[in-house]
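> Here is the input, now give the coordinates:
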Amino acid sequence: MNPAFPATLYVYNRNMFDAAGIPFPTPAWTFDDYRDLSVRLTQDRTGDGTPEIYGTSQPNTAWYWDWVGSNGGRIVDDTNSEFLLTENDATS
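Numbers count the residues shown, from 1 in each chain. Now for the predicted structure:
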């Protein structure tokens, strides 16, 4: 873990999972599970095409480090001189 960045803590709303009939997260979950269930938990209650309830929220700007790093990607190179976020490992 890079000491310059804090660990990310994910919390979830048990009531949302219960209402949707979705089992609670387990340590075996993947980012694909997270993404798929975030979509399932998102709700457009008024039918106007705009969700009123979102299945996920990332309240800070450091969230993308988890996603990029989990795929073997990096934001910058070791010298902090080359931007790597557009590389395949960072975007897959």
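
> which residues sit against the helix ranked longest in the chain?
Across the chain, the helix with the greatest residue count (assigned by DSSP state H) is helix 31-41. Residues outside helix 31-41 that contact it (C-beta atoms under 8 Å, 6 or more residues apart in numbering): 10, 16-17, 20, 22, 25, 53-56, 66-67, 70. Bear in mind the C-beta positions are built from the backbone N, C-alpha and C, glycine included.

> Now which of those would you call buried?
17, 55, 67 (16 or more other C-beta atoms under 10 Å).

> from the contacts of helix 31-41, which is closest to E82?
Of all the contacts of helix 31-41, W67 has the smallest distance to E82: 19.8 Å, by C-beta to C-beta.

> model confidence over stretch 55-71, on average?
For stretch 55-71, the mean pLDDT works out to 72.

> buried ones in stretch 32-42?
For stretch 32-42, the neighbour count (16+ other C-beta under 10 Å) marks 34, 37, 41 as buried.

> the helices in this protein, which residues?
Under DSSP H, the chain gives helices at 14-20, 31-41, 63-70, 88-91.

> Make TSV out of those and add distance to D77.
Below are these laid out as TSV (distance: least, C-beta to C-beta, whole Å):
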stretch	distance to D77
helix 14-20	40
helix 31-41	23
helix 63-70	13
helix 88-91	12
